[in-house]
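[1] okay, sequence plus prediction incoming.
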Amino acid sequence: MENILLVINIVLAVLLVIIVLLQKSEGGALGIGVSQESYMLSRTAGDFFTKATAIIATLFIICSLSLTIISRGELETETSIIDKIEENSEEVPKIPENNN
């Protein structure tokens, strides 16, 4: 199951990158170079790409979260590092006292 989700996650990531790169630029940054022509041309194509981007991004996030939840269940519960240090402190050899 984890392998299937991983493959789906990779495919969604590639699709997301491709669909973002296919989108038309909305103009310059901070309103520089914006003209009325850019709003008139291919409005329906922009709507399609915007909706498709939102859907694919949502699926990508859901798939990533499911992978995290599935892989989290496989982790072994271990004791804390402090408990390990306390256990190992008993095994540390003592320095012998100097008998002069």
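    Thanks, I have it.

[2] alpha carbons only for contacts and neighbour counts from here, please
    Noted.

[3] immediately after the helix or strand bottoming out on mean pLDDT in the chain, which helix or strand?
    Lowest by mean pLDDT, DSSP states H and E among the helices and strands of the chain is helix 36-40, with a mean of 51. As assigned by DSSP states H and E, the chain's next helix or strand after helix 36-40 is helix 43-73.

[4] so who does residue 19 touch?
    Neighbour list for residue 19: 49, 52-53 [criterion: CA atoms under 8 Å, 6 or more residues apart in numbering].

[5] in the one helix or strand it maps to, which residues are buried?
    Element membership for residue 19, per DSSP H and E: helix 2-22. By 16 or more other CA atoms under 10 Å, the buried positions in helix 2-22 come out as 8-9, 12-13, 15-16.

[6] quick one: low-confidence residue ranges for this structure.
    Across the chain, the ranges flagged by pLDDT under 70 are 26-46, 74-79, 84-94, 99-100.

[7] switch to 50 and redo it
    For the chain, the stretches flagged by pLDDT under 50 are 30.

[8] if we can go back for a sec, now, among the contacts of residue 19, which is nearest to residue 69?
    residue 53 (24.2 Å; CA to CA).

[9] contacting residues for the closest one?
    So residue 53 contacts 16, 19-20 (CA under 8 Å, 6+ apart).

[10] now distance to residue 57 too, for those residues, in TSV please.
    Listed next are the contacts of residue 53 as TSV, based on distance: CA to CA, whole Å:
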residue	distance to residue 57
16	7
19	10
20	10
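
[11] tell me the one of those residues nearest residue 70?
    Nearest member of the contacts of residue 53 to residue 70, counting by CA to CA, is residue 16, at 23.0 Å.
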